[in-house]
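Participant: Here is a sequence with its predicted model. Questions after.
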Amino acid sequence: MSLIPSEASQIEVTGATVDFFKLEEDGQSTYYFDTSKCGPPEPMVNAMCGLKLIKGTDSKLVMINHKAPGGLFAKLGDDISHEVEEEGGLVKIIFSSNNSSTANTDFDQNTCH
């Protein structure tokens with residue numbers, strides 16, 4: 001069972017090691033990727049690649065993973081907000097850019113330490 005909508009189109013994302021998808025609905029872009037079968041550092045690497053797509057926009061990024069990425073959350077500061085949902089034994093994290101933030105997260109820093 002995929003948590004990525006079937007109508008989403010595959011896109012190329014620089015630096016990503018998994019497939020990314022984009023869905024346009026009502027003028028809103030949502031990007032998706034699935035790292036549920038990946039081990040470290042791939043979830044962090046791909047999340048940081050995806051977060052570059054939404055920083056400063058109204059777009060959303062949806063990460064499908066086997067667990068909540070606590071190390072990633074600690075890196076985001078005020079720049080990015082997130083919601084965590086459990087679905088079908090997996091975790092779905094929905095990221096949104098906080099356009100009023102004055103933080104400046106370095107999305108090229110993609111390690112957990």
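Facilitator: The structure has been received and is ready for your questions.

Participant: Am I right that Ile96 is in contact with Gly56?
Facilitator: For the record, residue 96 is Ser, not Ile. No - in this structure Ser96 lies outside contact range of Gly56 using Cβ atoms under 8 Å: 11.3 Å. (Each C-beta comes from the backbone N, C-alpha and C, glycine too.)

Participant: And the two? Which one has more around it.
Facilitator: Neighbour count, other Cβ atoms under 10 Å: between Ser96 and Gly56, Ser96 has more, with 15 against 11.

Participant: Run the chain-centre distance for the lowest-mean-pLDDT helix or strand in the chain.
Facilitator: Least confident element among the helices and strands of the chain, by mean pLDDT, DSSP states H and E: helix 70-76 (a mean of 86). How far helix 70-76 lies from its chain's middle: 12 Å, per Cα atoms, centre = their mean, to the nearest Å.

Participant: moving C-terminal of that helix, what's the next helix or strand?
Facilitator: strand 80-87 (DSSP states H and E).

Participant: ok, residues contacting that next one?
Facilitator: Defining contact as Cβ atoms under 8 Å, 6 or more residues apart in numbering, one finds that strand 80-87 is touched by 3, 51, 54-55, 68, 73, 76, 91-98, 105.

Participant: which residue ranges form the strands in the chain?
Facilitator: Ranges of strands in the chain, per DSSP state E, are 9-11, 20-25, 28-34, 60-65, 80-87, 90-97.

Participant: Could you single out the most deeply buried of the ones you listed?
Facilitator: Using mean count of other Cβ atoms under 10 Å, the stretch among these with the largest mean neighbour count is strand 60-65, at a mean of 22.

Participant: between that one and strand 28-34, how big is the angle?
Facilitator: Going by axes from the mean of the first three to the mean of the last three Cα atoms, to 10 degrees, strand 60-65 is angled at 20 degrees with respect to strand 28-34.

Participant: and the strands of the chain as CSV, adding mean pLDDT?
Facilitator: As requested, the strands of the chain are exported to CSV (pLDDT from 0 to 100):
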stretch, mean pLDDT
strand 9-11, 98
strand 20-25, 97
strand 28-34, 98
strand 60-65, 98
strand 80-87, 94
strand 90-97, 96
